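Enquirer: okay, here's the prediction I keep looking at, along with the sequence it came from:
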Amino acid sequence: MNHGKKYFRFIIKSATIYTLIALLVLFSAHTAHAKSLRDASAGALSVDGTQLMAQGSPIRLKGVSTHGLSWYPQYVNDDMFKELHDKWGCNLVRLALYTAEYNGYCTGGASNKKALKKLIKQGVKYAKKNKLYVIIDWHILSDGNPLTHKKAAKAFFKWASKSFAGYDNVIYEICNEPNGNVTWKQIYAYAKYIIPTIRKYSDGVILVGTPNWSQDVDLITTELSDKWNNIMYTMHFYAGTHKDSYIAKLKRAQNAKIPVFISEFGICNASGNGKINKKSANKWVNELDNYNISYCIWNLSNKNESSALIKSGVTKTHGFTRKNLTASGKWFWDLLSQ
Ligand code: IDC
């Protein structure tokens, strides 16, 4: 009887100790992640190995990408950016500047170009004010080869890096998604052509796209990183379409010490529409957590498509509550509040 009691007490004691240890481990993992999610008051970013850094320690960026700035300019406003930081828990926003589509930067004429530049200036200012890092994204898409508009790109990045030389929260994404048989060699040539222009004015992080809609991050070489500091390479995924074989690519890239930044992802199909796949999305997020990789979800708009974060019937441009969001939006909101 007595022995039984003692044994019982022993079991309870050990269980308590193990629970305490487990809680401690969980808590320290949580604070480690919370620590690396500092906002843009942490100042200039740099890259050390595969890790994004600020003030000498790892930092992780999580945020949202706008839809095309020409089509959904209304979400670039001070209140919206404030609530992305204060309410959503973002420390990153991405300004998607389509280059070749309708009213793209290279195809939409002079007054359109002027309006887009103005919007980018406002976006960077609102981001800075609200402690968000901001990606300026040269959003090539139907113009699959970044060399197509390389002169315009050079002039644009000269303007941007000069205009934002005093801003330590700006990240330059020089080509969204090279596609259509574009090789890494061609992307490399483009990057070599653009990077020196930016580096004249800024040491900011530069994101370089990879072949096949920025999926082949495992098939690149990293000589750019030998020539210039603070270079990262992008991988994009849409969880409904891209599953285990793409996660394997990410792992190969990490094993090869390639610094990866997920500057765009969605949890639906690669079309930006269709069914969302939370199971696949959560699998991706687990991997990104393992490697402390930064990410940015597509897209901050109320377009009637499942990648949009805001419900299509909701027309306000800030002041969103969880119930104003689509299934993608709610999933992301919950992810950030974990
Ligand atoms: C999609 C938009 C859609 C738009 C289309 C063409 O969601 O509303 O009509 O572009 O402009 C990407 C691209 C991104 C795509 C997105 C979804 O970077 O521009 O946006 N996607 O298709 N790569 C993979 C998916």
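Expert: Received the coordinates, thanks. Residues are numbered from 1 along each chain as shown.
Enquirer: tell me the residues of the stretch 151-300 of the chain that contact the ligand?
Expert: When proximity is defined by C-beta under 6 Å from any ligand atom, the stretch 151-300 of the chain lies next to the ligand at 176, 177, 213, 236, 238, 264, 270, 271, 272, 298, 299. All C-beta spots, glycine's among them, are computed from the backbone N, C-alpha and C.
Enquirer: of those residues, which is the most crowded?
Expert: Tallying neighbours with other C-beta atoms under 10 Å puts residue 264 at the head of these, with 28 neighbours.
Enquirer: per-residue confidence averaged over stretch 64-79?
Expert: Averaging pLDDT along stretch 64-79 yields 98.
Enquirer: how far does that stretch stretch from start to finish?
Expert: The straight-line separation of the ends of stretch 64-79 (C-alpha to C-alpha, to the nearest Å) is 15 Å.
Enquirer: among the residues of the stretch 151-300 of the chain next to the ligand, which are in strands?
Expert: Within those, membership in strands is found for 236, 238, 264, 298, 299, as judged by DSSP state E.
Enquirer: reformat those residues as CSV; add pLDDT.
Expert: Output for those, formatted as CSV (pLDDT from 0 to 100):
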residue, pLDDT
236, 98
238, 98
264, 99
298, 98
299, 98
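Enquirer: can you put these in a markdown table and add distance to residue 327?
Expert: Formatted as a markdown table, those follow (distance: C-beta to C-beta, whole Å):
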| residue | distance to residue 327 |
| --- | --- |
| 236 | 20 |
| 238 | 14 |
| 264 | 18 |
| 298 | 14 |
| 299 | 14 |
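Enquirer: which single one of those residues is nearest to residue 75?
Expert: residue 299 (9.4 Å; C-beta to C-beta).
Enquirer: is it true that the closest one touches residue 64?
Expert: Yes. Between residue 299 and residue 64 there is a contact at 7.4 Å, judged by C-beta atoms under 8 Å.
Enquirer: which residues are common contacts for the two?
Expert: Counting by C-beta atoms under 8 Å, 6 or more residues apart in numbering, the residues touching both residue 299 and residue 64 are residue 309.
Enquirer: may I see the buried residues of stretch 38-52?
Expert: In terms of neighbour count (16 or more other C-beta atoms under 10 Å), stretch 38-52 has its buried residues at 38, 39, 40, 42, 44, 45, 46, 47, 50, 51, 52.
Enquirer: for the stretch 151-300 of the chain, which segments are assigned as strands?
Expert: 170-173, 206-208, 231-238, 260-266, 295-300 (DSSP state E, counting those that start in this stretch).
Enquirer: I'd say residue 259 and residue 232 touch.
Expert: Yes. Assessed by C-beta under 8 Å, residue 259 is found in contact with residue 232 at 4.4 Å.
Enquirer: okay, now the unreliable bits of the stretch 51-200 of the chain?
Expert: Within the stretch 51-200 of the chain, no stretch has pLDDT under 70.
Enquirer: got the residue ranges for the helices in it?
Expert: In the stretch 51-200 of the chain, the segments counted as helices under DSSP state H, counting those that start in this stretch are 78-83, 110-129, 150-163, 184-199.
Enquirer: related to what we said a few turns ago, go through the strands of the stretch 151-300 of the chain and name the closest to residue 185.
Expert: Closest to residue 185 of the strands of the stretch 151-300 of the chain is strand 206-208 (C-beta to C-beta; 13.0 Å).
Enquirer: count the neighbours of residue 131 for me.
Expert: 18.
Enquirer: who touches the closest residue to it other than its chain neighbours in this structure?
Expert: Closest residue to residue 131 apart from its sequence neighbours, by C-beta to C-beta, 6 or more residues apart in numbering: residue 39 at 4.0 Å. Contact partners of residue 39, counting by C-beta under 8 Å, 6+ apart, are 85, 91, 131, 132.
Enquirer: make CSV from the helices of the stretch 51-200 of the chain and add mean neighbour count to it.
Expert: Below are these laid out as CSV (neighbours: other C-beta atoms under 10 Å):
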stretch, mean neighbour count
helix 78-83, 18
helix 110-129, 17
helix 150-163, 17
helix 184-199, 18
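Enquirer: looking at the ones you listed, which is nearest to residue 332?
Expert: When the helices of the stretch 51-200 of the chain are compared (using C-beta to C-beta), the closest one is helix 78-83, at 13.8 Å.
Enquirer: the closest one packs against which elements?
Expert: helix 110-129 (3 or more C-beta pairs under 8 Å, 6 or more residues apart in numbering; DSSP states H and E).
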